[in-house]
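> Sequence below, structure please.
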Amino acid sequence: MTTTTLRRFRHTARRRLLVVVAAAAVLLGGGVAWAAWTATGTGTAAAQAVTATVAAVTPGTPTASLYPRPTAGYPTTGPGSIVFTVNNPNPYSVTYNAIALGAVTSGNEGACPAVNVVPATPTPTVSITVAPNATSTLQTVPAALSMLQSAPNGCQGVTFTVAVTLTGTSVPA
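Got it, this is the predicted structure:
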């Protein structure tokens, strides 16, 4: 074999070797990629819903707003505002859009029996949104209570509390 032929043979052999190595690398790399893309898994998973926790309604410090109001018959609305905060212990926001007023309690039953103050009818409207695991700012519901015209002088300066039930719904996140 001549030197030129030998060089050509080596050059061709190197080329073939490079082509074979490149093809093998592509096949190997492609095989790994193919295996990664076709990986699967089957089975089951689980989730559990939280149990809604009742919000706590706490009275605030009221501003004097009740006084005997002249009415014909049963009072329907009154000047008496109520104040409170709402603690939402749930992991989601809640908008309270209904309020029910219950029993009224007098801070001095002897001087001013609680029967002298009654919840307003119809019940006032509310819209209170409380963030998850948070306490609202001080809420004021105007015209929630009325003091009867016949209330005695002993009612002056007395603080009254009223049972409050709020109803609301979760707010989409």
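> only C-alpha atoms for contact and neighbour calcs from this point on.
OK.
> mind listing the helices in this protein by residue range?
3-37 (DSSP state H).
> so where's the protein uncertain?
1-14, 17-36, 71-78 (pLDDT under 70).
> Select the longest strand from it.
For the chain, the strand with the greatest residue count under DSSP state E is strand 94-106.
> Show me what counts as buried in that one.
94, 95, 96, 99, 101, 104, 105, 106 (16 or more other Cα atoms under 10 Å).
> From residue 160, how far out is residue 62?
According to Cα to Cα, to the nearest Å, residue 62 and residue 160 sit 9 Å apart.
> Revised request: answer the last question for residue 91.
Taken as Cα to Cα, the span from residue 91 to residue 160 is 33 Å.
> what about these two, which has more around it?
residue 160 (20 against 14; other Cα atoms under 10 Å).
> Let me see the contact set for the spatially closest residue to the more buried one that is not a sequence neighbour.
Of all residues not flanking residue 160 in the chain, residue 106 sits nearest, at 4.7 Å (Cα to Cα, 6 or more residues apart in numbering). By Cα atoms under 8 Å, 6 or more residues apart in numbering, the residues touching residue 106 are 112, 113, 114, 158, 159, 160, 161.
> Domain map for the protein?
Listed by automatic domain parsing, the domain ranges of the chain are 1-35, 56-170.
> among these, which is the most enclosed?
Ranked by mean neighbour count, these are led by domain 56-170 with a mean of 17 (mean count of other Cα atoms under 10 Å).
> And that domain, end to end?
16 Å.
> and that domain, how far from the chain's centre?
23 Å (Cα atoms, centre = their mean, to the nearest Å).
> show me where this protein has strands.
56-59, 80-88, 94-106, 117-119, 128-130, 134-135, 139-147, 160-170.
> Return the backbone torsion pair for the residue nearest in space to the middle of the chain.
The chain has residue 93 as the residue nearest its centroid, 1.0 Å off, counting by Cα atoms, centre = their mean. Dihedral pair for residue 93: phi -70, psi 150, per degrees, to the nearest 10.
> which residues does residue 125 contact?
97, 98, 99.
> how close does it get to residue 161?
Taken as Cα to Cα, the span from residue 125 to residue 161 is 19 Å.
> cool, and residue 105?
From residue 105 to residue 161 the distance is 5 Å (Cα to Cα).
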